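> take this sequence and fold it.
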Amino acid sequence: MERQWWHNKAAYQIWPKSFYDSNGDGVGDLPGITAKLDYLKDLGVDIIWLSPVYQSPLADQGYDISDYQAIDPRFGTMADMDRLLAEAKRRDIRLVMDLVVNHCSDEHIWFKKAVEDPEGPYGQYFYFRKGKNGKAPCNWRGYFGGSAWSLVPGQTDLYYLHLFHEKQPDLNWENPALRREIYKMINWWLDKGVAGFRIDAIVNIKKDLAFRDYPVDRPDGLSDCRQMLSEPGVAEGLGEFLEEMKRETFAPHKAFTVGEVFDTDPAQLAEFIGPDGHFSTMFDFAPTCLGKDAKGWGWAKQPTTTQYRDACFASQRQAEGVGFLANIIENHDEPRGVSQYLPKEAQDNEQAKTCLATASVLLRGIPFLYQGQELGMTNTRFERIEDVDDVSTHGEYAACLALGLTEEQALAACAQYSRDNARTPVQWTDGENAGFTTGTPWIGVNPNYTRINAKEQQVRPDSVLNWYKKLLALRKDPQWEEALVWGDCEPVMEDQEGLMSYVRTGGKTLLVVCNLSELPRSLALPGTIRQVLLNNQEGGPQPGFDRYAAQPWQAVVLELEQ
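Numbering: from 1, shown residues only. The predicted structure follows:
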């Protein structure tokens with residue numbers, strides 16, 4: 001595989017609204033990010049993925065864009081953006097924007113012009129369709145619940161498609177004029193100096209244009225819109241769009257791209273991230289999909305650490321010889337990783353948190369951290385559904401009630417899986433509002449900020465924060481980089497519950513052992529220990545050993561004799 005500049009980097013996602021507020025209005029902003037660049041550099045971050053800061057009514061927290069080439073005033077100005085780019089570059093940190101082109105906002109000028117003249121050129125920028133038998137054109141349910149169709153304003157039997165929120169009309173990628181507009185915008189940002197894009201919901205840009213009904217799968221009489229993605233011909237058409245976009249924008253700029261790609265055939269992985277793939281990399285969502293149920297969050301089950309291990313290893317095998325995956329524990333669309341993958345009794349255990357961190361960061365691929373993950377931030381508490389901001393959570397709450405759950409049961413299910421768990425403010429200090437703002441936070445701070453915060457962890461050598469620093473530094477150390485970045489990843493000892501161990505080979509041989517369980521696990525090593533590089537507990541393996549008993553939640557990185 002040809003080596004790229006981004007292979008040995010570590011990335012960090014920022015949710016701007018909750019990262020750091022510089023002006024006391026309760027909302028995180030671009031100057032706040034600039035103020036924390038030294039913190040990120042010290043952590044070991046090379047690439048920042050910046051979630052949307054474009055002009056938006058925030059119906060879906062910025063993923064409903066009303067102007068792709070303007071900064072929303074809540075986050076600052078274009079001058080603030082330029083300063084952030086310049087200061088990041090000065091620290092050798094590259095900035096990746098969020099590219100959201102499956103849909104825009106209904107407040108975008110394109111949609112406003114389409115509504116004014118549905119038969120005109122801008123009407124072709126969207127999917128406008130006549131109803132069927134007095135109802136929507138088909139029975140698709142959107143990702144946030146409810147019909148994926150809404151009436152075009154001012155019309156009585158003309159609908160527009162929105163796979164997400166009703167204020168997020170889907171863009172018609174079949175229209176070459178629309179695609180040219182999108183490519184022009186992408187190149188504008190690349191010329192400005194962004195290093196690339198995280199590409200949102202991209203598998204949805206190709207539709208089954210027959211807009212056929214699918215079997216009803218919930219009491220609402222609707223069908224999950226994702227069934228459309230498996231229709232013959234849909235995937236092939238998607239590839240044509242993605243190759244054109246790459247050719248017209250990413251390739252000439254040598255941009256770094258990471259795709260949000262769901263519901264694809266593993267056999268097609270090379271088409272997305274191979275040497276000539278559509279993207280540089282794509283997120284490994286296999287672990288985040290564990291335990292989910294088509295009926296909704298009320299039927300989801302928390303995965304075990306063994307299931308987590310098996311999902312990670314399955315993805316590693318699929319990507320072997322193909323390309324690099326982007327490895328995540330959490331992001332803005334998921335609950336906090338330590339609350340999702342660790343059993344309840346271990347979620348306040350820092351050794352369990354560092355064990356999970358080790359298991360993920362040292363896999364083959366690009367580690368993507370999410371803000372607060374490096375502190376071991378956890379899910380928050382929701383007392384009432386009214387305390388929840390996230391539109392997706394409200395949709396799932398309604399679905400739980402419709403399926404017969406009580407309000408208490410529905411809230412409990414949504415509290416576990418709500419996207420708002422990841423959107424509470426970063427916990428910088430144990431002071432007022434966790435040091436996030438001097439004003440009133442736009443969303444409640446997790447009450448445990450007095451125990452879990454960056455200020456306390458920065459000065460404590462055995463903290464979760466300092467462990468993440470060690471992991472990222474080890475991965476870049478010239479002694480181990482060949483093995484930990486470009487080397488093979490071979491799972492070992494897969495027969496014990498919760499034990500996740502694997503060998504990284506490339507010039508030298510490193511063994512990563514993570515006992516993701518509350519019981520000791522004895523294991524024979526695939527070689528003799530030459531030295532211990534990292535150990536999150538006192539005691540354990542020593543040079544010359546060829547076996548040892550891993551203690552509960554112990555993580556070690558060992559160099560083995562050749």
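> ok, residue 175 - how many residues close by?
16 (other C-beta atoms under 10 Å). From N, CA and C alone the C-beta is placed, and that goes for glycine too.
> which SS state does the nearest residue to residue 17 once chain neighbours are set aside fall under?
Among residues not flanking residue 17 along the chain, residue 28 sits closest, at 5.1 Å (C-beta to C-beta, 6 or more residues apart in numbering). Here residue 28 is coil, with the state taken from DSSP: H, G, I helix; E, B strand; the rest coil.
> what's the burial count for residue 28?
Counted with other C-beta under 10 Å, residue 28 comes out at 28.
> you'd agree it is up against residue 425?
Yes. Counting by C-beta atoms under 8 Å, residue 425 is a contact partner of residue 28 at 7.4 Å.
> okay, and the common contacts of these two?
In the contact map built from C-beta atoms under 8 Å, 6 or more residues apart in numbering, the residues linked to both residue 28 and residue 425 are 18-19, 436-437.
> and the gap between residue 317 and residue 363?
Per C-beta to C-beta, to the nearest Å, residue 317 is found 12 Å from residue 363.
> same thing with residue 144?
Taking C-beta to C-beta, one finds residue 144 at 31 Å from residue 363.
> look at these two and report which has more neighbours.
residue 363 (24 against 21).
> and the residue nearest the centre of the chain, helix, strand or coil?
In the chain, the centroid-proximal residue (C-alpha atoms, centre = their mean) is residue 331; its distance is 3.8 Å. Taking three-state DSSP as the rule, one finds residue 331 in the coil state.
> residue contacts, it?
Applying C-beta under 8 Å, 6+ apart to residue 331 gives the contacts 13, 283, 368, 370, 422.
> hmm, 7 Å instead?
13, 370, 422 (C-beta atoms under 7 Å, 6 or more residues apart in numbering).
> out of the residues you listed, who's the most crowded?
residue 422 leads those on contacts (other C-beta under 10 Å) with 26 neighbours.
> what's the pLDDT at that residue?
We note a pLDDT of 97 for residue 422 in this prediction.
> one more: residue 297?
Note on residue 297: pLDDT of 88.
> returning to what we had before: from the shared contacts of residue 28 and residue 425, which is closest to residue 62?
residue 18 (11.6 Å; C-beta to C-beta).
> grab the nearest non-local neighbour of the closest one.
residue 425 (4.8 Å).
> how about the strands of the stretch 151-300 of the chain, start to end?
With DSSP state E, counting those that start in this stretch, the ranges of strands along the stretch 151-300 of the chain come out as 158-161, 196-199, 223-224, 256-259, 281-283.
> as a markdown table, those with distance to residue 471, mean neighbour count and mean pLDDT would be great.
What follows is these, written out as a markdown table (distance: least, C-beta to C-beta, whole Å; neighbours: other C-beta atoms under 10 Å; pLDDT from 0 to 100):
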| stretch | distance to residue 471 | mean neighbour count | mean pLDDT |
| --- | --- | --- | --- |
| strand 158-161 | 43 | 22 | 98 |
| strand 196-199 | 22 | 26 | 98 |
| strand 223-224 | 38 | 19 | 94 |
| strand 256-259 | 20 | 25 | 98 |
| strand 281-283 | 19 | 24 | 97 |
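> and those as a markdown table, adding distance to residue 43?
A markdown table is the format used below for these (distance: least, C-beta to C-beta, whole Å):
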| stretch | distance to residue 43 |
| --- | --- |
| strand 158-161 | 41 |
| strand 196-199 | 19 |
| strand 223-224 | 39 |
| strand 256-259 | 19 |
| strand 281-283 | 20 |
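> and the helices in the stretch 451-562 of the chain?
Ranges of helices in the stretch 451-562 of the chain, per DSSP state H, counting those that start in this stretch, are 454-458, 464-476, 481.
> give me the buried positions along the longest one.
Neighbour counts using 16 or more other C-beta atoms under 10 Å place 464-472, 474-475 of helix 464-476 among the buried residues.
> is it possible to get CSV of these that adds pLDDT and distance to residue 482?
CSV is the format used below for the buried residues of helix 464-476 (pLDDT from 0 to 100; distance: C-beta to C-beta, whole Å):
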residue, pLDDT, distance to residue 482
464, 98, 28
465, 99, 27
466, 98, 25
467, 98, 23
468, 98, 22
469, 98, 21
470, 98, 19
471, 98, 17
472, 98, 17
474, 98, 13
475, 97, 11
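> closest one of the residues you listed to residue 321?
Nearest member of the buried residues of helix 464-476 to residue 321, counting by C-beta to C-beta, is residue 475, at 20.9 Å.
> just give the number of residues close to residue 131.
Neighbours of residue 131 (other C-beta under 10 Å): 16.
> and it, how far from residue 149?
Here residue 131 is placed at a distance of 8 Å from residue 149 (C-beta to C-beta).
> which residues are in contact with each of the two?
By C-beta under 7 Å, 6+ apart, the residues touching both residue 131 and residue 149 are 137, 159.
> thinking residue 60 is in contact with residue 165, fair?
Yes. Residue 60 lies in contact with residue 165 (C-beta atoms under 7 Å); the separation is 4.9 Å.
> need the overlap of contacts for those two.
residue 391.
> which parts of the helix ranked longest in the chain are buried?
Ranked by number of residues, the top helix in the chain under DSSP state H is helix 176-192. Neighbour-count burial for helix 176-192 flags 178-179, 181-183, 185-187, 189-190 (criterion: 16+ other C-beta under 10 Å).
> repeat for stretch 200-215
Buried-residue list, stretch 200-215, by 16+ other C-beta under 10 Å: 200-208, 211, 214.
> how about those residues in TSV, adding pLDDT?
What follows is these, written out as TSV (pLDDT from 0 to 100):
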residue	pLDDT
200	97
201	95
202	96
203	94
204	95
205	97
206	94
207	94
208	91
211	95
214	94
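> quick check, nearest of these to residue 173?
Residue 173 lies nearest to residue 205 out of the buried residues of stretch 200-215, by C-beta to C-beta, at 4.6 Å.
> quick one: contacts for residue 27?
17, 21, 74, 442.
> actually residue 312, not the one I wrote
Contacts for residue 312 (C-beta under 7 Å, 6+ apart) come out as 287, 363.
> using the three-state scheme, assign it.
Under three-state DSSP, the three-state class of residue 312 is helix.
> my guess is residue 540 contacts residue 554, does it?
Yes. Residue 540 is in contact with residue 554 according to C-beta under 7 Å; the separation is 6.3 Å.
> quick one: contacts of stretch 531-544?
When contacts are defined by C-beta under 7 Å, 6+ apart, stretch 531-544 is touched by residues 351, 354-355, 467, 470, 474, 528-530, 548, 551, 554-559.
> how about residue 286, what does it touch?
311, 314-315.
> what's the answer for residue 48, then?
With C-beta under 7 Å, 6+ apart, residue 48 has these contacts: 12, 14, 40, 88, 93, 95-96.
> try it again with 6 Å
Applying C-beta atoms under 6 Å, 6 or more residues apart in numbering, we find residue 48 in contact with 12, 14, 95.
> where does it land in three-state SS?
Following three-state DSSP, the label given to residue 48 is strand.
> dihedrals phi and psi, the residue nearest to it when sequence neighbours are not counted?
With C-beta to C-beta, 6+ apart as the criterion, residue 48 has its nearest non-adjacent residue at 5.2 Å, and that residue is residue 95. Note on residue 95: its backbone torsions stand at phi -110, psi 130 [degrees, to the nearest 10].
> hmm, back to that, can you redo the buried residues of helix 464-476 as a markdown table with distance to residue 374?
Shown next, in a markdown table, are those (distance: C-beta to C-beta, whole Å):
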| residue | distance to residue 374 |
| --- | --- |
| 464 | 7 |
| 465 | 5 |
| 466 | 9 |
| 467 | 9 |
| 468 | 4 |
| 469 | 8 |
| 470 | 11 |
| 471 | 10 |
| 472 | 9 |
| 474 | 15 |
| 475 | 14 |
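> thanks a lot, see you next time.
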